[in-house]
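Undergrad: The following block contains a protein sequence and its predicted model.
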Amino acid sequence: MDTGDTAWMLTSSALVLLMTPGLAFFYGGLVRGRNAVSTIMFSFITMAVASLVWVFWAYSLAFGEGNALIGDLSALGLASIGIADVSGSIPTLLFVVFQMMFAIITPALITGAIVERFKFTTYVVFLVLWLTFVYAPIAHWVWAPTGWLFVMGALDFAGGTVVHINAAVAAVAAAMVVGKRRYPGLEPHNVPYVMLGAGLLWFGWFGFNAGSALASNGQAVNAMLVTNTAAAAGALTWGLLSQMQNSRMSAVGVATGAVAGLVAITPAAGFVNVMGAVAIGFGAGALGYFAVLLRPRTGLDDSLDVFAVHGVCGIWGSIATGIFAAEAIGGKIGLLEGNAGQVGIQIIGVLATIGYSGIVTLIILKVIDILPGLGLRPPESSEAQGLDITAHGERAYVQDGAD
Amino acid sequence: MISIEAIVRPERVSHVAQALEEAGCRGFYYVNVTGQGQQRGIEVFVGRGGQMARRSSVPKTLIRTVVPDNMKDAVIAAIISSARSEGAGEIGDGKIFVTPVLDAVRVRTGEQGDVAI
């Protein structure tokens, strides 16, 4: 066990956890004030529920040896893992902790598509089923040594497929099934929350990507460098596009562009160099920007553009990994260095994730929708009044001249 | 000219605004208010999730428009149809108050009277 690696991974895990409350505010600022608590709660409750699901059975399903498609139940309740067990140069339990933070933020990302009209208690049930039947299998395929995409050589350093494309496609499925908001707002109710949230996400992403090196080494450093670079390129690109199109630079746009760049560099962080990161971030900012413009034409109320940012940019990043992978960085060779086959493998990984996540998420939602006592939407009056009061008995903003 | 003040549910404001425009109102303003009436208030958590309390004060929105006398019935009808809850309506749908206005002035030109509204 290497104490340097362990210290960094402990830190990384905490950084990644911070991304979920960061996401809570990033999303929270974008919705109407009457739904702020509800939106934040979707992320916050995920921290609680996913943490428990992970240690009870989802870690075992994801990273147990199992077969090519799924792990096993050998580590139920983590009982079979001792405090002195080691995975690589870090304690196995630390690997469990680090991966847990990914399992927390991934379903929280989905909630961006269903804000302001999804029933809270149903979400908790959805979350448990989704982690079990969608997240764990896909994580197994890509990151477990027995997983079929891992064996095939698909490159996904920190979760372009497992986290971003997976969540984005599930988000589309959820938005399709739950339907549009009856009372959508036009503007974000609190832009400073959005910026603050984006800042926390950018910061935490260093743990997300650089921590995926699972060691305190040159690859981790590279990951941090390219992560920051892609975020910067994405932020600037989106901001400039906003400036060029509307004569003003949207703050929410700059924040979203940073997130887009961060999403795209996620699969690539351990494999590309800084110039590759510039290209990846620039591409993400541009593709994400135009994807958001196209969303109204789809008729789908993916309220907070989860697919545009995490889906489109996740797909771009996964394929770009196959293009820009440099042997000197992560020992993997991409298209620019002569290996065209890697792009093909990346595409297979992308398509497999989209197909499986889309179909199984749809099934889960359809089942939940018809179960008695559940259902996906709260009553119309709840949606009108705001889910804060009706689902949580609390308000984000209390205006009481009288007291 | 008369001032028509309507206290309505906040979630109906965009409906009411649209209805006012369709009724021919050239301008109106609205502000969030807190108050109490016949509605039994709202239930909120007071003890970190352990206890609930009924707050008698309820958030509403006050919309005000100043119109010529002859528009009174049309505007009131527009507000009622857009602010009333679906079906027969519910307690808490709101109130409308009508008061006389002595004068109105357009800041840009200094015009006074009905032409200014």
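TA: Thanks, I have it.

Undergrad: quick one: contacts for the closest residue in space to A:G349 that isn't next to it in sequence?
TA: Leaving aside its chain neighbours, A:G349 sits nearest to A:A154 (3.8 Å; criterion: Cβ to Cβ, 6 or more residues apart in numbering or on different chains). (C-beta placed from N, C-alpha, C; glycine too.) Applying Cβ atoms under 8 Å, 6 or more residues apart in numbering or on different chains to A:A154 gives the contacts A:V142, A:T161, A:I345, A:Q346, A:I348, A:G349.

Undergrad: Verify the stated contact: the third one with A:G322.
TA: In this case it means A:I345. Yes. With contacts defined as Cβ atoms under 8 Å, A:I345 counts as touching A:G322 at a distance of 6.8 Å.

Undergrad: Overlap in contacts, the two.
TA: Counting by Cβ under 8 Å, 6+ apart, the common neighbours of A:I345 and A:G322 are A:L155.

Undergrad: re the thing from before, of the contacts of A:A154, closest to A:P379?
TA: For the contacts of A:A154, the residue nearest A:P379 by Cβ to Cβ is A:T161; the value is 37.2 Å.

Undergrad: re earlier: confidence score at the residue nearest to A:G349?
TA: A:A154 is assigned a pLDDT of 96 by the prediction.

Undergrad: likewise A:L196?
TA: At A:L196 the predicted local confidence, pLDDT, stands at 98.

Undergrad: same check, this time on A:A402
TA: We have a pLDDT of 54 for A:A402.

Undergrad: where does residue 36 land on pLDDT?
TA: Because you didn't say which chain, this covers chain A. 97.

Undergrad: wrong chain, I was asking about chain B
TA: Each residue has a pLDDT score; the one for B:Q36 is 87.

Undergrad: and it, how many neighbours?
TA: Applying other Cβ atoms under 10 Å in any protein chain shown, we find 13 residues neighbouring B:Q36.

Undergrad: Nearest spatial neighbour of it, chain-adjacent residues omitted?
TA: When the adjacent residues along the chain are set aside, B:Q36 lies closest to B:S56, with 4.6 Å between them (Cβ to Cβ, 6+ apart).

Undergrad: For the one you found, give its distance to A:Y397.
TA: In this structure, B:S56 and A:Y397 are separated by 19 Å, where distance is defined by Cβ to Cβ, to the nearest Å.

Undergrad: do the same with B:K72
TA: The span separating B:K72 from A:Y397 equals 35 Å under the rule Cβ to Cβ.

Undergrad: before we move on, what about B:T109?
TA: In this structure, B:T109 lies at 39 Å from A:Y397, with Cβ to Cβ as the measure.

Undergrad: coming back round to it: does the residue nearest to B:Q36 really touch B:G41, like I thought?
TA: Yes. Taking contact to mean Cβ under 8 Å, the distance of 4.3 Å between B:S56 and B:G41 places them in contact.

Undergrad: Counting neighbours, what do you get for A:T122?
TA: 20.

Undergrad: helix or strand for it, which one?
TA: In the assignment (DSSP states H and E), A:T122 maps to helix A:120-130.

Undergrad: Name the helix or strand for the residue sitting furthest away from the middle of chain B, please.
TA: Among the residues of chain B, the one whose C-alpha is farthest from the average of all C-alpha positions is B:G50, by Cα atoms, centre = their mean at 35.4 Å. Take DSSP H and E as the rule and B:G50 turns out to sit in neither a helix nor a strand.

Undergrad: Just say helix, strand or coil for residue 108.
TA: I went with chain A, as the question did not name one. Look at A:A108: counting by DSSP: H, G, I helix; E, B strand; the rest coil, its state is helix.

Undergrad: switch to chain B, that's the one I care about
TA: Look at B:R108: counting by three-state DSSP, its state is coil.

Undergrad: Okay, it and chain A: tell me how far apart.
TA: Taking Cβ to the nearest Cβ, to the nearest Å as the measure, B:R108 falls 26 Å from chain A.

Undergrad: how deep is that residue tucked in, by neighbour count?
TA: By other Cβ under 10 Å, the burial measure for B:R108, its neighbour count, is 7.

Undergrad: can you give me phi and psi for it?
TA: Comment: the main-chain dihedrals of B:R108 come out as phi -60, psi -40, following degrees, to the nearest 10.

Undergrad: Flag every residue of the stretch 101-250 of chain A that's near chain B.
TA: A:Y183 (Cβ under 8 Å from any Cβ of the partner chain).

Undergrad: Show me the residue of the stretch 101-250 of chain A that gets nearest to chain B, please.
TA: A:Y183 (6.4 Å; Cβ to the nearest Cβ).

Undergrad: mind checking the SS state of residue 59?
TA: No chain in the question, so chain A it is. helix.

Undergrad: Chain B, not that one
TA: Applying three-state DSSP: B:P59 is strand.

Undergrad: Burial check on it, number of neighbours?
TA: B:P59: 21 neighbours (other Cβ under 10 Å).

Undergrad: in the helix or strand that contains A:A233, what's buried?
TA: Taking DSSP H and E as the criterion, the element that holds A:A233 is helix A:218-246. Of the residues in helix A:218-246, those scored as buried under the neighbour-count criterion (16 or more other Cβ atoms under 10 Å in any protein chain shown) are A:219-220, A:222-242.

Undergrad: Show me where the chain dips below the pLDDT cut-off.
TA: No chain specified, so I'll use chain A. A:401-403 (pLDDT under 70).

Undergrad: Mind doing that once more with 80?
TA: Confidence mapping of chain A against pLDDT under 80 gives the ranges A:399-403.

Undergrad: any chance you could map the strands in it?
TA: Under the criterion DSSP state E, chain A contains strands at A:86-87, A:90-91.

Undergrad: I'd like to know which of these is closest to chain B.
TA: Proximity to chain B (Cβ to the nearest Cβ) singles out strand A:90-91 among the strands of chain A, at 35.3 Å.

Undergrad: And for the closest one, what's in contact with it?
TA: Among residues not part of strand A:90-91, those counted as contacts by Cβ under 8 Å, 6+ apart are A:M1, A:D2, A:D5, A:T6, A:M9, A:I83, A:A84, A:D85, A:L214, A:A215.

Undergrad: just checking, the third one touches A:F98?
TA: Just to be clear, that refers to A:D5. No. With contact defined as Cβ under 8 Å, A:D5 does not count as touching A:F98 (11.3 Å).

Undergrad: Next, count neighbours for residue 20.
TA: Just so you know, I chose chain A. For A:T20, the neighbour count with other Cβ under 10 Å is 23.

Undergrad: think we crossed wires, I meant chain B
TA: Residues near B:L20, counting by other Cβ under 10 Å, number 23.
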